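Below: sequence and its predicted model.
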Protein chains: 2
Amino acid sequence: MVVETTSAELLEQVVADLEAGNQEAVSQKLEEAHPAEVASLLEALPPEQRSELWEKVPTEQGAEVLTYLHEEARASIIDEMDEGELIAAAGTMAPEDLAELIDELPQDRGNMLMEALDRDHRGRLEAVLNYEEESAGRLMSTDVISVRADVTIAVVLRWLRRHERLPPHTDSLMVIDESGLYLGKLDLGEVLTSPPERLVGVMMQSDAVAVRACMNEHEVAMLFERRDLISVAVLNQDGLPLGRITIDDIVDVLREEHDRALLSSAGLSEEEDLFAPVLPSARRRGLWLGINLITIFAAAWVIGRFEEALDKIVALAVLMPVVASMGGIAGSQTLTLTIRGLALGQLSSSNARWLVLKELAVGALNSVIWAIVVAVIAGIWFDNGAIGLLIAAALTINLVFAALTGALLPLALDRMGIDPALAGSVLLTTVTDIIGFLAFLGLATLYLL
Amino acid sequence: MVVETTSAELLEQVVADLEAGNQEAVSQKLEEAHPAEVASLLEALPPEQRSELWEKVPTEQGAEVLTYLHEEARASIIDEMDEGELIAAAGTMAPEDLAELIDELPQDRGNMLMEALDRDHRGRLEAVLNYEEESAGRLMSTDVISVRADVTIAVVLRWLRRHERLPPHTDSLMVIDESGLYLGKLDLGEVLTSPPERLVGVMMQSDAVAVRACMNEHEVAMLFERRDLISVAVLNQDGLPLGRITIDDIVDVLREEHDRALLSSAGLSEEEDLFAPVLPSARRRGLWLGINLITIFAAAWVIGRFEEALDKIVALAVLMPVVASMGGIAGSQTLTLTIRGLALGQLSSSNARWLVLKELAVGALNSVIWAIVVAVIAGIWFDNGAIGLLIAAALTINLVFAALTGALLPLALDRMGIDPALAGSVLLTTVTDIIGFLAFLGLATLYLL
């Protein structure tokens, strides 16, 4: 089946079908689509059409669609499900997906769901819930095939043939010793190409990487990315295998990290629903506007200290946003680069000094160039050379501070355990606004009044 | 091998070893590290240490390390290699990696490299270069195992056993008919668990997805993400298989998209090197500062139209950044959400109207709430109720415009084929600055003078 429609085209077609009341066509498209695609379609629809489409999702596909939805969109759909439907869906979910769902549900519905599970299911769920959120233990699947190192490939072949099918995304088998300790992995390709009389212990990759269940999912994702892994064994502290993490879960982790990095700089949650109801949306975003209001009033207060200068020279009011804005832009470039370096694990105390020096040099060089340009424009505009000199000096000061802040602020936030992507940009513009106004209006008060 | 050091810790250790002149320890760490980890270490080092570490990378690992580096860091290292070293490294690269390298090299070095390749190598390289950049054809590997649908599993098993090893990341075999057309795929797990007498055509997945060589890599990545794929077959227009794309290449595509989305909003290139030399860094970033300078001078010009009002009421100068800044923040929230919706293929003409209406409602609601807060603060601060009313009105106008611009601007840019992540934020703040100053100072001129 060759895929030739893009997601946007599929969306367009489904909306057209929904609006034309073409039930047949909608149902057929849902049937052909992967559950993750159905989830994406649901997220792309405003509330009414979302419910309409959800009603058409076949029951047996429902649980899987739920696991692919983002938190907020999922909540909007679960709100419409009755108890029976929810329990039925939960019954078919893998424990790691169910754990995520229960974490998000309101307490009472979560408890209801836990109690409705059979003993076996609940046991496996509780095992997953024992691991910290965002740890390797939460990501892993316990559905694993392991083989002893001291058997031959022929034995492995015979034993695999007894399986109806292998767990999804099985690219390799775990190799263990007689006491169950993890030794390495044996690729399926190796099973197929090795001489049958060879021992597993000889053919296995004993340098295959494994992780501890407590490793943070970000580090696990970096490991997959760096080493081109398809799956990785998860071990406990004693070296006993607990399960394995496969690349499809890692792709989701990467997508979440991506969303978080992108959205948090605008004060949005990574679960933000494109079609969230107006009230909760407004409340969440209002909080961010409120934080910004405090910082911008702080900057306004600084301006207020220079009423006398502003009163006498109106050009200062006209030009002061230029100084603040250029600082904000230059600072955000350094900030973005530093945040990315931190996320990739490429910044540590050992090279931070280097980065700060380099960014200072870049900032200083650019400040000189643009200070001259701005000085000429401002000087000509207001026919006043002194104003030109003044704004050049203020701009230079602000760009150098911007470079320093852009590099040091995320390093400091990171060390304090605060996500620099979230708080960095609002703090940075506070600094560049205040330094910008202070430098420009302060110098004007000193030299022009 | 259990991985317990994070990338940042490894970096810390390597830097310490380099500084202590502990050559042995450095070489050992390089040997244990995956080429991609070595690449990340190189990127995290300032120029001198970078060269020092590169000299210690074993020659046989060099070519692979090069393929993992980002463009700019790679260029800094290739600059130091002589012709022979470069040719030797190129000789071991897969054609798709070599194509990327040659695209980046200066014309003369690229040509030199092409001519130095043997005929077979050059033929395969030219085949890859025939596909458009960022297309599925550029990503695929042609190292594929295919089997006929009309043979039995036993035949497949015997045939696989003749291979020394399977191509890396082989999770499935391609199934073709007698004329070579693609029919579906056969998972390795299926080969291992199916009864040997069964036909491949019966056991294969005939609904396995495949893509055309011309499909854009972003769409391919979305497909992998949505359908949890490990590999996908690439076909030509007639349905003949050309090669396959594996998940490890897709993880790189996702990382690149992530970097681009994050960095381009600050006017940075996604290839930006943390330790790029100061001059090229300053030049590139200076360009962005220059663009911003034009927009902020446009805003300053608007302020300049109201010199009379500013001259008479100094409170206007103090408060005007509040109006502009709040508009910028609110607008960037809508902008970020819309850009993400576009990237995920969740926005099309069919639901755009809904999004605009929802964002307008969110913007209007927040503008009313914060307008009241700002009015009270401003009124008390300057002991002037009229100023309070005025800033409330201006803020409302600006937040509503900000919501409209934040939603419509990326949709319009996208339709024009301009990346909204690149141009969106600078255009948005231009609008919110100008509307903010215009509304506040304009209303003041009308009602307070």
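Yes, it's here. Numbers count the residues shown, from 1 in each chain, chains lettered A, B, ... in the order given.

the strands in the stretch 51-200 of chain A, which residues?
Using DSSP state E, counting those that start in this stretch, the strands of the stretch 51-200 of chain A run over residues A:146-148, A:172-176, A:182-187.

ok, the residue of the stretch 251-400 of chain A found nearest chain B to residue A:66 distance?
In the stretch 251-400 of chain A, no residue comes nearer to chain B than residue A:345, which is 3.0 Å away by CB to the nearest CB. (Each C-beta comes from the backbone N, C-alpha and C, glycine too.) Remark: distance between residue A:345 and residue A:66 (CB to CB, to the nearest Å) = 33 Å.

Not counting its own residues, what contacts the helix or strand harbouring residue A:16?
Secondary structure assignment for residue A:16, by DSSP states H and E: helix A:7-19. Residues outside helix A:7-19 that contact it (CB atoms under 8 Å, 6 or more residues apart in numbering or on different chains) are A:5, A:22, A:25-26, A:29, A:33, A:37, A:40-41, A:44-45, A:49, A:52-53, B:219, B:222, B:226, B:344-351.

hmm, the very next helix or strand once past it touching chain B?
Next along the chain after helix A:7-19, taking DSSP H and E as the criterion, comes helix A:23-32. No. Helix A:23-32 stays clear of chain B (CB under 8 Å from any CB of the partner chain), getting no nearer than 9.0 Å.

next SSE after helix A:23-32?
helix A:35-43.

quick check: angle from that following helix to helix A:7-19?
Here helix A:35-43 points in a direction 60 degrees away from that of helix A:7-19 (axes from the mean of the first three to the mean of the last three CA atoms, to 10 degrees).

Give me the neighbour count for the closest residue to residue A:142 other than its chain neighbours.
The shortest distance from residue A:142 to any non-neighbouring residue, by CB to CB, 6 or more residues apart in numbering or on different chains, is to residue A:243 (4.2 Å). Residue A:243 is flanked by 20 other residues according to other CB atoms under 10 Å in any protein chain shown.

Can you give me the distance of residue A:108 to chain B?
29 Å (CB to the nearest CB, to the nearest Å).

still on that earlier bit, could you look up the SS state of the residue of the stretch 251-400 of chain A closest to chain B?
Following DSSP: H, G, I helix; E, B strand; the rest coil, the label given to residue A:345 is coil.

Burial check on the nearest residue to it once chain neighbours are set aside, number of neighbours?
Excluding its sequence neighbours, the residue lying closest to residue A:345 (CB to CB, 6+ apart) is residue B:7, at 3.0 Å. The tally of other residues near residue B:7 (other CB under 10 Å) stands at 19.

Residue A:265 too?
The number of residues packed near residue A:265 is 25, by other CB under 10 Å.

cool, and residue A:176?
20.

And for residue A:373?
Neighbour number of residue A:373 under other CB under 10 Å is 14.

Could you tell me the model confidence score at it?
Per-residue pLDDT puts residue A:373 at 95.

Wait, it touches residue B:293, no?
Yes. Assessed by CB atoms under 8 Å, residue A:373 is found in contact with residue B:293 at 7.0 Å.

Residue A:270: which of the strands of the stretch 51-200 of chain A is closest?
strand A:172-176 (31.9 Å; CB to CB).

and that closest one with strand A:182-187, angle?
Computed by the same axes, to 10 degrees, the angle between strand A:172-176 and strand A:182-187 is 150 degrees.

how distant is strand A:172-176 from the center of its chain?
31 Å (CA atoms, centre = their mean, to the nearest Å).

tell me which residues of stretch A:26-35 are tucked away?
By 16 or more other CB atoms under 10 Å in any protein chain shown, the buried positions in stretch A:26-35 come out as A:26, A:29-30, A:33-35.

Mind checking if the longest helix seen in chain A is in reach of chain B?
Of all segments of type helix in chain A, defined using DSSP state H, the longest is helix A:349-381. Yes. Part of helix A:349-381 sits near chain B under the criterion CB under 8 Å from any CB, namely A:349-351, A:354-355, A:358, A:361-362, A:365-366, A:369-370, A:373-374, A:377, A:381.

are any of those residues buried, and which?
When burial is judged by neighbour count using 16+ other CB under 10 Å, the buried members of those are A:350-351, A:354-355, A:358, A:361-362, A:365-366, A:369-370, A:374, A:377, A:381.

Can you tell me which of the residues you listed is nearest residue A:439?
Distances from residue A:439 to these, taken by CB to CB, are shortest for residue A:374, at 13.0 Å.

list the contacts for the closest one?
Residue A:374 neighbours (CB under 8 Å, 6+ apart): A:322, A:326, A:388, A:391-392, A:395, B:293.

same deal with residue A:438?
By CB under 8 Å, 6+ apart, the neighbours of residue A:438 are residue A:302.

For the closest residue to residue A:218 other than its chain neighbours, give me its contacts.
Closest residue to residue A:218 apart from its sequence neighbours, by CB to CB, 6+ apart: residue A:257 at 6.7 Å. Residues in contact with residue A:257 (CB under 8 Å, 6+ apart) are A:218, A:221, A:343, B:258.
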